[in-house]
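> need the 3D shape of this:
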Amino acid sequence: MVLSASDLPAIYSLLTNSLSADESVRKPAETALSQLESRPGFCSCLMEVITAKDLAAHVDVRLMASVYFKNGVNRYWRNRRDSSGISNEEKVHLRQKLLMHLREENYKIALMLAVLISKIARIDYPKEWPGLFSVLAQQLQSADILTSHRIFMVLFRTLKELSTKRLASDQRNFAEISSHFFDYSWRLWQSDVQTILHDFSALTQHTSSDGSEQHQDDLYLICERWLLCLKIIRQLIISGFPRDAKCMQEVLPVKEVSPVLLNAIQSFLTYYSSFQALHPKFWDFIKRASTKLMKVLVAFQARHPYSFGDECVLPPIMDFCLNKIADPEHHILSFEQFLIQCMVMVKSILECKEYKPSLTGRVIDENRVTIEQMKKNISSIVGGVLTSLLPKERIVLLCNILIRRLH
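Model prediction:
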């Protein structure tokens, strides 16, 4: 029998009781909810509980509803022989309802909604849900800060989910998504970083909140959106292009994005010491952002070593990391997470097999540049760069520094 709106009060009561500390109340409610899971309409009722405006303050109940919804998706979204599952009509309704409720103010609920959309997209995109990304892109055009942040939560979770699919057709779909979303994400990222740095500069001029608490809240939301955007850009470049060492095709976004990420790290670090006492919330963001930016650069190098080996990418990043390791500013010495990532970057570059001299023989057809010859040329160029950046004196200095810090 299909559950409907008339069953909402009973389901809400069961969800409330399932949160009770009294086991005699909680256990029967959990049993009843587990029996309802496979009933048609159950997920639709849960969706009504999650999105009901008059229940906005009842976060715990809404969260519990979202947990049961996620379990329902995992167990019954795919059609199975041993279960009636969720009907196509209900699936259409739920997909539409989810995309209509993106502006969720509570972060925990918004995160669960993003997870729900990503789980459904893994099963239904693109065959049953071809308009998912176009709807999200359309809503971004007129979104306020909160809505755009929530949409980027959905995008990040969904792209992360889809990137793990390994069939050739799924990887082609992801490459197509990358081609559509990269430019927009990159432009927004660059716009946001300029806004953040401009407002950080303004914050240094004031020692108090100066009545701008709402502005700081908006700025922090922009900071969080910017971090989500960074994660999306990483996902698009890592999973949206084949490894350049295999296909020998240059990944232009690596060359475009990497130098700008390095500039962002350098800009953020200038506020590290001044924000520690005056603006701890933004100081914490600077630590997370700087560390994440370096991790993204490490991921680019590992996935696309030849594109990363370009003269406008590898030399300045390698030199920056070596300088931070060998001669960090006093206030950066305590920023261990970031310094570790700088060391990881240096280690990754030095151990990269694509940068090692090739031991293959001479090319027989000298008029035709083979893939092996292309690899030799790139490794030779990168080898020359590394030799210039790491003379013997610098290597000895780095070894002494590492020994002193470890002991």
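
> and the pLDDT for Thr360?
Listed pLDDT for Thr360 reads 56.

> brain fart, Ser134
For Ser134, the predicted pLDDT is 93.

> so what touches the helix or strand encompassing it?
In this assignment (DSSP states H and E), Ser134 forms part of helix 132-141. Residues outside helix 132-141 that contact it (C-beta atoms under 8 Å, 6 or more residues apart in numbering): 95, 99, 102, 117, 121, 125-126, 147-148, 151, 154-155, 158, 177, 180-181, 184. All C-beta atoms are positioned from the backbone trio N, CA, C, and that covers glycine.

> now the element after the one helix or strand Ser13 maps to, going C-ward?
Following DSSP H and E, one finds Ser13 within helix 8-17. Counting by DSSP H and E, the next helix or strand C-terminal to helix 8-17 is helix 23-36.

> alpha carbons only: can I get that following helix in PDB?
Presented in PDB, the C-alpha positions along helix 23-36 are these (Å, rounded to 0.1, in the frame of the first residue of the first chain):
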ATOM      1  CA  GLU A  23      14.900   2.400  24.700                       C
ATOM      2  CA  SER A  24      11.300   1.300  25.200                       C
ATOM      3  CA  VAL A  25      10.200   4.200  23.000                       C
ATOM      4  CA  ARG A  26      13.100   4.100  20.600                       C
ATOM      5  CA  LYS A  27      13.200   0.400  19.700                       C
ATOM      6  CA  PRO A  28       9.500   0.100  18.600                       C
ATOM      7  CA  ALA A  29       9.900   3.300  16.500                       C
ATOM      8  CA  GLU A  30      13.000   1.900  14.700                       C
ATOM      9  CA  THR A  31      11.300  -1.400  14.000                       C
ATOM     10  CA  ALA A  32       8.300   0.400  12.600                       C
ATOM     11  CA  LEU A  33      10.500   2.600  10.400                       C
ATOM     12  CA  SER A  34      12.400  -0.400   9.100                       C
ATOM     13  CA  GLN A  35       9.200  -2.000   8.100                       C
ATOM     14  CA  LEU A  36       8.100   1.100   6.200                       C
END
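
> after it, next one along is what?
Next along from helix 23-36, by DSSP H and E: helix 42-51.

> that following helix to helix 8-17, inter-axis angle?
70 degrees (axes from the mean of the first three to the mean of the last three C-alpha atoms, to 10 degrees).

> what angle separates the following helix or strand past helix 42-51 from helix 8-17?
For helix 42-51, the following helix or strand on the C-terminal side (DSSP H and E) is helix 59-76. Computed by the same axes, to 10 degrees, the angle separating helix 59-76 from helix 8-17 equals 100 degrees.

> give me the element the closest residue to Phe282 other than its chain neighbours is part of.
Nearest non-adjacent residue to Phe282, counting by C-beta to C-beta, 6 or more residues apart in numbering: Phe275, 5.2 Å away. Element membership of Phe275, judged by DSSP H and E, is helix 272-278.

> quick revisit: now intersect the contacts of helix 132-141 with the strands, please.
Among the contacts of helix 132-141, no member falls in strands (DSSP state E).

> now, of these, which are buried?
The neighbour-count criterion (16 or more other C-beta atoms under 10 Å) marks 95, 99, 102, 117, 121, 125-126, 148, 151, 154-155, 158, 177, 181 among those as buried.
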